[in-house]
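>>> Generate a structure from the sequence data that follows.
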Amino acid sequence: MTNTKMFLVMLWGAIFRRRSRAVMAVVASLVGAATLFCLAATCIAVPQQMNEEMRSYGANLIVTPIESGDGKTGISTAMVNHTTDMVRAKGDATYATYRYENVRVNAAPYVLAGVHTAQVRALNHHWNVDGAWPSAGNVMVGRDVADAMGLTVGSRITIGYRASDNTGTTAAGADSTGGTDSTGGTDSTGGSGDSGSSAGGSGDILDTSGTEFRVCGIVDTGGSEDEIIYALASDVDKLAGGMRGVDVIEYSSGAADVSQVVQSINDMTSMHVQAQQVTKITSSDTRIITMLRTLFWMVSVVVLALTLVGVSTTISSIVAQRRNEIGLRKALGASSGSIGVEFYVESGLYGLVGGVLGTAVGYLLARLLTSTVFGRTLGFDWPLAVGSVLLSVIVAVLASVPPVRRASRIDPAVVLREE
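Take a look at the predicted model:
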């Protein structure tokens, strides 16, 4: 019989004769692996999905032009593309562009936003729209605008544009954040805000001429988006009598650190644009993820400690039971190293079996947790599973170090004398 075969026979005999102790060691590793895999899988998958969901609630990054003269030129299409490339270099991103103009509806001042419908819909899933989104010849009005003028879906309004209402102003009555301020709220000045004074200075405030549009939808967000009228960018170009760059680009960026994206854009002064982070959405997202990760590390430390204690106690009990056997083997010439290797392999085997079973149980628990508590699905993470099993083996081997050191110090003469 070869040495390897003899070693395996002795290992199997040691495990089989002490099945109850072996089961205890396996259960200790199983509980540890199941808990850690469940928490790790949840803390990896859920924040990622939450990040995607949070991004559907609007922009976390805005870009506005730095105007050098009195006139408004906005951000050109080429610069929009260049800025978007910079943002997407740090992570996937969706975006929407806005052109703002001060207009009049029945001589009252309002803010008109020229948009691309597909972009705005993709960026703002949380907008509640009654009716349809803007299309050619059709506008979508905010809830406050609709209530002020008694508008419903299907109503017709006449929108008038005056160049004098839009000279020397930025974003046409809306602030430079494009309706989204740095605290995550919206901050434009439609309705009867500052744009009223702008219109009042035109000298013909009672002029109601303009272009007729049909109200195709009413948007209700609870923010100051409700004070704006939305039309296709091409319709705004026609109404204003020419094309120009956009006033705001809003991004929903999936970058790990949005502040780095902001810094990289602001460092490029030649672009003549400035970036700003929408901190409310970003900080809320980060706070939730940080809480989950903190919980994971706290529980992980406790579980690892309990697993170490459980496996170490079991191996110590096995060493105590095999004290006479160890003494006899040392008397027959077995080295402390060979005896230690046997115990380390035995402990590693317990960790392997417990790790495999614990990972399977942990995955089932993680799926149940994510579906019932977070309402999300969870796929199987193979790299995490392999890491869980390896960690179980390592922890089991480390837990056996103190009892194996005690076993190596057993004096065979004392043990044989007691026999």
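
>>> Under the pLDDT cut-off, which ranges of the stretch 151-300 of the chain? List them.
For the stretch 151-300 of the chain, the stretches with pLDDT under 70 are 168-207, 279-286, 288.

>>> In it, mark out all the strands, start to finish.
156-161, 211-220, 228-232, 248-253, 273-277 (DSSP state E, counting those that start in this stretch).

>>> since we're on residue 414, how many residues are nearby?
10 (other Cβ atoms under 10 Å). For the C-beta atoms, the positions are set from N, CA and C on the backbone; glycine is no exception.

>>> for residue 369, same thing?
Neighbourhood size, residue 369 [other Cβ under 10 Å]: 17.

>>> For it, which residues are in contact?
Contacts for residue 369 (Cβ atoms under 8 Å, 6 or more residues apart in numbering) come out as 38, 42.

>>> chain center to stretch 367-376, what's the gap?
17 Å (Cα atoms, centre = their mean, to the nearest Å).

>>> Give me the distance between the two termini of that stretch.
With Cα to Cα, to the nearest Å applied, stretch 367-376 spans 9 Å between its terminal residues.

>>> Surely residue 231 and residue 139 touch.
Yes: using Cβ atoms under 8 Å, residue 231 is in contact with residue 139, at 4.6 Å.

>>> quick check: longest helix of the chain.
Taking DSSP state H as the criterion, the chain has its longest helix at helix 279-321.

>>> centre of the chain versus it, how much separation?
Distance, centroid of helix 279-321 to centroid of chain: 22 Å (Cα atoms, centre = their mean).

>>> I'd like to know which elements whichever helix or strand comes after that helix is packed against.
The helix or strand immediately downstream of helix 279-321 is helix 323-331, counting by DSSP states H and E. Judged by 3 or more Cβ pairs under 8 Å, 6 or more residues apart in numbering; DSSP states H and E, helix 323-331 is in contact with helix 336-372, helix 412-418.

>>> tilt between helix 323-331 and helix 279-321?
70 degrees (axes from the mean of the first three to the mean of the last three Cα atoms, to 10 degrees).

>>> mind listing what's buried in helix 323-331?
323, 326, 327, 329, 330 (16 or more other Cβ atoms under 10 Å).

>>> would you put the C-alpha positions of that helix in CSV?
C-alpha atoms of helix 323-331 as CSV (Å, rounded to 0.1, in the frame of the first residue of the first chain):
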residue,chain,number,x,y,z
ARG,A,323,-4.5,12.0,22.2
ASN,A,324,-3.5,8.5,22.9
GLU,A,325,-3.4,7.6,19.2
ILE,A,326,-1.2,10.7,18.5
GLY,A,327,1.2,9.7,21.3
LEU,A,328,1.5,6.2,20.0
ARG,A,329,2.1,7.3,16.4
LYS,A,330,4.8,9.7,17.6
ALA,A,331,6.4,6.9,19.6
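
>>> From residue 18, how far out is residue 148?
For residue 148, the distance to residue 18 (Cβ to Cβ, to the nearest Å) stands at 83 Å.
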